[in-house]
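**Student:** Need coordinates for the following:
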Amino acid sequence: MKKTLITLSMALLATSMGAAAKDWKEVRFGVDASYPPFEYKAPDGKVVGFDIDLGNEICKRMNAKCVWVESSFDGMIPALKAKKFDGVLSSMSKTEKRMKEINFSAKLFHNPTNLVAKTGSGLLPTAEALKGKRVGVEQGTTQETYAKTYWEPKGVTVVAYQNQDLVNQDLLSGRLDATLQDTMQAKNGFLKKPAGHGYSLAGAAIEDEKTLGQGTAVGLRKDDADLKVAIDKAIAAILKDGTYKKIAGKYFDFDVYGH
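**Tutor:** Predicted coordinates for the structure are as follows:
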């Protein structure tokens, strides 16, 4: 009798373990498509960009189908935890604060932060230089955290917007004195476009691991350890065989992976 019960228990355990292990034939990634060159809308409405190419290659290595789910950046983590998608692949930096809520894949790239202002404005990315000024940031970003941590208490007005397009619009209209954003997004998504004429990076890039993080990665739920293993394996393969460099070369003329 005992042997029968033990055999039955082991069978039930194996069944439950098998049910718990998800077969990742489809991976749904949350994305904020207002952040060129990382993720943006093509004229036909399709979501494209560096992150999208990386995600599609990751899915290919996993023998899975990629599905892109658009979401506002500030709602990414709640939506991930609510299982509206399986991962966040939208230039999300790995920070101590975020790691308390979610897990992260291996690093995808390193992206510093810069202030953007009118050329010749004399503005610098310091609380002293920006006191009394209005600085725009995208909601939920590390740039918002940085500006509200170090600048807002010292007299800088930090204005948060739902997406980067709205930030840029108010900079162009004069409602903002400057914006704080990812350096590569600022260069490729704004300054190289006709609308960015007359604007430039103001001062040196900002580095602050506490608020700006330790590189960009895929945000994942903590209980999806098997998905993290699969994605990390795919990232390692993409880096090793030169595919990463090939994809990055479509968008950047420098080493975007960084240190």
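**Student:** now the stretch 1-150 of the chain, which segments are flagged as low pLDDT?
**Tutor:** Counting by pLDDT under 70, the stretch 1-150 of the chain has low-confidence residues at 1-21.
**Student:** tell me the strands in it, going along the chain?
**Tutor:** In chain order, the stretch 1-150 of the chain shows strands spanning 26-31, 34-35, 39-41, 47-48, 65-70, 87-93, 103-109, 113-118, 134-138, with DSSP state E, counting those that start in this stretch as the criterion.
**Student:** How about the stretch 151-259 of the chain?
**Tutor:** Taking DSSP E, counting those that start in this stretch as the test, the strands found in the stretch 151-259 of the chain are 157-161, 178-182, 199-206, 216-220.
**Student:** How much space separates the closest residue to residue 48 other than its chain neighbours from residue 200?
**Tutor:** Once flanking residues are discounted, residue 48 sits nearest to residue 42: 4.8 Å by CB to CB, 6 or more residues apart in numbering. Every C-beta, even on glycine, is put in place using the N, C-alpha and C of the backbone. When CB to CB, to the nearest Å is applied, the distance between residue 42 and residue 200 equals 27 Å.
**Student:** More neighbours: these two, which one.
**Tutor:** In terms of neighbours (other CB atoms under 10 Å), residue 200 is the more surrounded of residue 42 and residue 200; the figures are 17 against 11.
**Student:** mind listing what the nearest residue in space to that one that is not next to it in sequence touches?
**Tutor:** In this structure, residue 200 finds its nearest non-sequential neighbour in residue 119, 4.6 Å apart by CB to CB, 6+ apart. Neighbour list for residue 119: 198-200 [criterion: CB atoms under 8 Å, 6 or more residues apart in numbering].
**Student:** what would the residues you listed look like in JSON lines with pLDDT and distance to residue 96?
**Tutor:** Formatted as JSON lines, these follow (pLDDT from 0 to 100; distance: CB to CB, whole Å):
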{"residue": "198", "pLDDT": "98", "distance to residue 96": "37"}
{"residue": "199", "pLDDT": "98", "distance to residue 96": "32"}
{"residue": "200", "pLDDT": "98", "distance to residue 96": "32"}
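**Student:** Residue 86: which of those residues is nearest?
**Tutor:** The shortest approach to residue 86 among the contacts of residue 119 belongs to residue 199, at 37.1 Å (CB to CB).
**Student:** who touches the closest one in this structure?
**Tutor:** Listed by CB under 8 Å, 6+ apart, the contact partners of residue 199 are 116-119, 171, 190-191.
**Student:** Next one, pLDDT for residue 188 please.
**Tutor:** The per-residue pLDDT reported for residue 188 equals 88.
**Student:** what do you get for the one 5 residues further on?
**Tutor:** At residue 193 the predicted local confidence, pLDDT, stands at 94.
**Student:** what's around it, how many residues?
**Tutor:** Neighbours of residue 193 (other CB under 10 Å): 11.
**Student:** Equivalent analysis for residue 255, please.
**Tutor:** 11.
**Student:** what separates it from residue 156, distance-wise?
**Tutor:** If you measure residue 255 against residue 156 using CB to CB, the figure is 32 Å.
**Student:** now swap in residue 258 and tell me
**Tutor:** Shown here: residue 258 relative to residue 156, a distance of 28 Å by CB to CB.
**Student:** repeat for residue 254
**Tutor:** Distance, residue 254 to residue 156, using CB to CB: 30 Å.
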